[in-house]
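Visitor: Take this sequence and fold it.
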Amino acid sequence: MYQFKIYFHYLTFYDYFGIIWVLLSFFLFIILAFCFIRKKTVLSLFIFIFSFVFLIVAFLGAKTFLDNTIRKNKITILHAKQLHFENALVISGKLKNLGKINFHKCIITFKISKKTNNKIKNIIYNIKPISKRSIIISREMLKGNSYVFKTILNNIIYKNNLNLTAHANCY
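Guide: I've put the predicted structure just below:
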């Protein structure tokens, strides 16, 4: 829920353009469905259902497109070490702004999941990880610049048979 608040707080021109495009297309499909409602009821029903599916898919597609172009970033885990005296994991990494806008806030999510040789089990383990933690970086990141971060994740026992993945959403 917090991630949605941050997303709506840092909307850009491109986000507004995408939202307006999706909503206009949706309303045009609805109007088209009402135009066919008397003569071709089945076609009208199909267009009506399609418009709602389009609404959901287009919003997700627009967000994904913007995340991969405008708000693109690269995160690299430089070092991950389990502390001997406590169940904590120290992670250091680097976040680079590859996007076309300056970032104001980034949410870095770490997932720890089991590692196996079976690809299907790896997908399942990544969907439902053993542990999932996030950190928030509230710092201005200019285009092309990098930020080195270090964090401690408590109550985690990290062993060699586990995967540590990181994903960043920056706004």
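Visitor: looking at this, residue 55 is in a strand?
Guide: No: using DSSP: H, G, I helix; E, B strand; the rest coil, the assignment for residue 55 is helix, not a strand.
Visitor: how close does it get to residue 47?
Guide: Applying C-beta to C-beta, to the nearest Å, the value for residue 55 to residue 47 is 13 Å. (C-beta placed from N, C-alpha, C; glycine too.)
Visitor: Neighbour count: these two, which is higher?
Guide: A direct count of neighbours by other C-beta atoms under 10 Å for residue 55 and residue 47 places residue 47 higher, at 20 against 17.
Visitor: Just give the nearest non-adjacent residue to that one, would you?
Guide: residue 33 (4.1 Å; C-beta to C-beta, 6 or more residues apart in numbering).
Visitor: Need the phi and psi values for that neighbour.
Guide: Dihedral pair for residue 33: phi -60, psi -40, per degrees, to the nearest 10.
Visitor: From the contact counts, what lies against the strand or helix carrying residue 167?
Guide: Using DSSP states H and E, residue 167 falls within strand 162-170. Under the contact criterion of 3 or more C-beta pairs under 8 Å, 6 or more residues apart in numbering; DSSP states H and E, strand 162-170 touches strand 73-82, strand 88-97, strand 106-114, helix 119-127.
Visitor: Out of those, which is the most enclosed?
Guide: strand 106-114 (a mean of 20; mean count of other C-beta atoms under 10 Å).
Visitor: what's the spacing between it and its chain's center?
Guide: 11 Å (C-alpha atoms, centre = their mean, to the nearest Å).
Visitor: So residue 98 sits against residue 70, correct?
Guide: No: if you go by C-beta atoms under 8 Å, residue 98 and residue 70 don't touch, sitting 10.4 Å apart.
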